[in-house]
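Engineer: what's the 3D shape of this:
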Amino acid sequence: MEGFWLSLGLIFLAELGDKTQLVALLLATRFKAWVVLAGILTATLLVHAFSVTLGGGAGHLLPPGWIYVLSGLAFIGFGWWTLRGDSVDEDEYQSWCYNSPFVIVTVTFFMAELGDKTMLSTVTLAASQNLMPVWLGSSLGMVLSDALAIWAGQILGQRLPERALKIGAAVIFIAFGLFYIIYGAVNLEAGT
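Structural biologist: Here you go, the predicted structure:
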């Protein structure tokens, strides 16, 4: 269960203020909330299944200590990436508008999530945790976080303060990164 809760919390926080959350907010201003949520759920389950498969493969190739050290470095990188920010190209999303709303949301969100820090975080977590809990936790964390954006897009028409969310998420990423590096170094020192 540790992998589930760790993945849920980390991905939820990582998604706050991320480009895919902004995509969810944008899509929620154009389509019904349930369609946006269904499309995001579908895309998230697919992307995160791929992510845990990649991470699980890495977990069998490297000793645990090195996985934790590499994961820690990746999380510190994600913290930096969170502070640096992403850009959202609205024309990219408008080009899909000739399809059904569900297809628009699913394909747009799937493409936006590929290579994103939340996908890479899921890969990293899956390298050191049980795959199914990571897949379920990261998927639920993503959907819950994006549900906030859908709610904001539908009800409020505005988003949460992006800078504060980015700083908070970056601090948590860096803290996880430092913890993983220290934990990995201890495991390497102990020979595990």
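Engineer: where does this protein have its least confident helix or strand?
Structural biologist: helix 90-94 (a mean of 50; mean pLDDT, DSSP states H and E).
Engineer: Just after that one, pick out the following helix or strand.
Structural biologist: The helix or strand immediately downstream of helix 90-94 is helix 101-113, counting by DSSP states H and E.
Engineer: what's the helix or strand following that next one in contact with?
Structural biologist: Using DSSP H and E, the helix or strand that directly follows helix 101-113 along the chain is helix 117-126. Applying C-beta atoms under 8 Å, 6 or more residues apart in numbering, the contact partners of helix 117-126 are 3, 6-7, 10-11, 14-15, 18, 20, 47-48, 50-56, 58-59, 70-71, 74-75, 78, 81-82, 113, 134-135, 138, 142. Every C-beta, even on glycine, is put in place using the N, C-alpha and C of the backbone.
Engineer: between helix 117-126 and helix 101-113, how big is the angle?
Structural biologist: Angle of helix 117-126 versus helix 101-113, following axes from the mean of the first three to the mean of the last three C-alpha atoms, to 10 degrees, is 70 degrees.
Engineer: Summarise which helices and strands the next helix or strand after helix 117-126 is packed against.
Structural biologist: Once helix 117-126 ends, the next helix or strand along the chain (criterion: DSSP H and E) is helix 131-151. On a contact count with 3 or more C-beta pairs under 8 Å, 6 or more residues apart in numbering; DSSP states H and E, helix 131-151 meets helix 2-15, helix 19-28, helix 33-61, helix 117-126.
Engineer: which parts of helix 131-151 are buried?
Structural biologist: 131, 133-143, 145-150 (16 or more other C-beta atoms under 10 Å).
Engineer: Format the CA atom coordinates belonging to it as CSV.
Structural biologist: This file holds the C-alpha atoms of helix 131-151, laid out as CSV (Å, rounded to 0.1, in the frame of the first residue of the first chain):
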residue,chain,number,x,y,z
LEU,A,131,3.6,-1.9,-10.0
MET,A,132,-0.2,-2.2,-9.4
PRO,A,133,-0.3,0.1,-6.4
VAL,A,134,1.8,2.7,-8.3
TRP,A,135,-0.4,2.5,-11.3
LEU,A,136,-3.6,2.8,-9.3
GLY,A,137,-2.2,5.5,-7.0
SER,A,138,-0.7,7.6,-9.8
SER,A,139,-3.8,7.4,-11.9
LEU,A,140,-6.1,8.3,-9.0
GLY,A,141,-3.8,11.2,-8.0
MET,A,142,-3.8,12.5,-11.6
VAL,A,143,-7.6,12.3,-12.0
LEU,A,144,-8.2,13.9,-8.6
SER,A,145,-5.9,16.8,-9.3
ASP,A,146,-7.4,17.3,-12.7
ALA,A,147,-10.9,17.1,-11.3
LEU,A,148,-10.0,20.2,-9.4
ALA,A,149,-9.2,21.9,-12.7
ILE,A,150,-12.4,20.6,-14.2
TRP,A,151,-14.3,22.0,-11.3
